[in-house]
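A.B. asks: Show me how the following folds:
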Amino acid sequence: MTLGELEALLGTLPGRYPALLVDRVGECIAGQSARGTKLVTANEPYFQGHCAGYPVMPGVLVLEALVQLSTLLAASSGEPAGGTIRTIDDVRFKRQVVPGDVLMLETRMQSGGTFKVRASVGGETATEGTVVLTPDK
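C.D. replies: Numbers count the residues shown, from 1 in each chain. This is a model prediction of the structure:
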């Protein structure tokens, strides 16, 4: 699958701005792994109410960006992962994500809709863990 085809898959995700949290897919090896980016800007709507006066990207949104990338990986691999979270395991939030950060997103496909995920900023891990997605019916 080409990068152009992957970019087109972004449009198939159920979310739209501001809920779409993957700005670009940089690499995808079907059935194995994918990388993408989220450019974190100060004008994102969640910064207005979350930790007023100290803008921090909510951890749940970092995790959602990783789920969206995992859904794209599943779709590019012909797997029926619908993007609905069934479980999250061993998720750790290790670094705050703030405006101006370039959030690097990585996902590795395991089996049974399971993905090992990691988000980082400047090589430093921000979030990592395991997500299991429920397939579309």
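A.B. asks: Work out for me the element the closest residue to Ala19 other than its chain neighbours sits within.
C.D. replies: Residue nearest to Ala19 in three dimensions, not counting chain neighbours: Glu64, with 8.0 Å by C-beta to C-beta, 6 or more residues apart in numbering. Bear in mind the C-beta positions are built from the backbone N, C-alpha and C, glycine included. Under DSSP states H and E, the secondary-structure element containing Glu64 is helix 59-76.
A.B. asks: what mean pLDDT does the following helix or strand past that helix have?
C.D. replies: Sequence-wise, the next helix or strand downstream of helix 59-76 (DSSP H and E) is strand 81-93. On average, the pLDDT along strand 81-93 is 83.
A.B. asks: helices or strands up against the very next helix or strand once past strand 81-93?
C.D. replies: Secondary structure here is assigned by DSSP H and E; on that basis, the next helix or strand after strand 81-93 toward the C-terminus is strand 102-109. Applying 3 or more C-beta pairs under 8 Å, 6 or more residues apart in numbering; DSSP states H and E, we find strand 102-109 packed against strand 33-39, helix 59-76, strand 114-121.
A.B. asks: And the helix holding Glu64, how far out from the chain middle?
C.D. replies: Shown here is helix 59-76, whose average C-alpha point lies 3 Å from the average C-alpha point of the whole chain (C-alpha atoms, centre = their mean, to the nearest Å).
A.B. asks: circling back to that earlier point, deepest-packed of the helices and strands packed on strand 102-109, please.
C.D. replies: Stretch with highest mean neighbour count among the helices and strands packed on strand 102-109: helix 59-76 (a mean of 23; mean count of other C-beta atoms under 10 Å).
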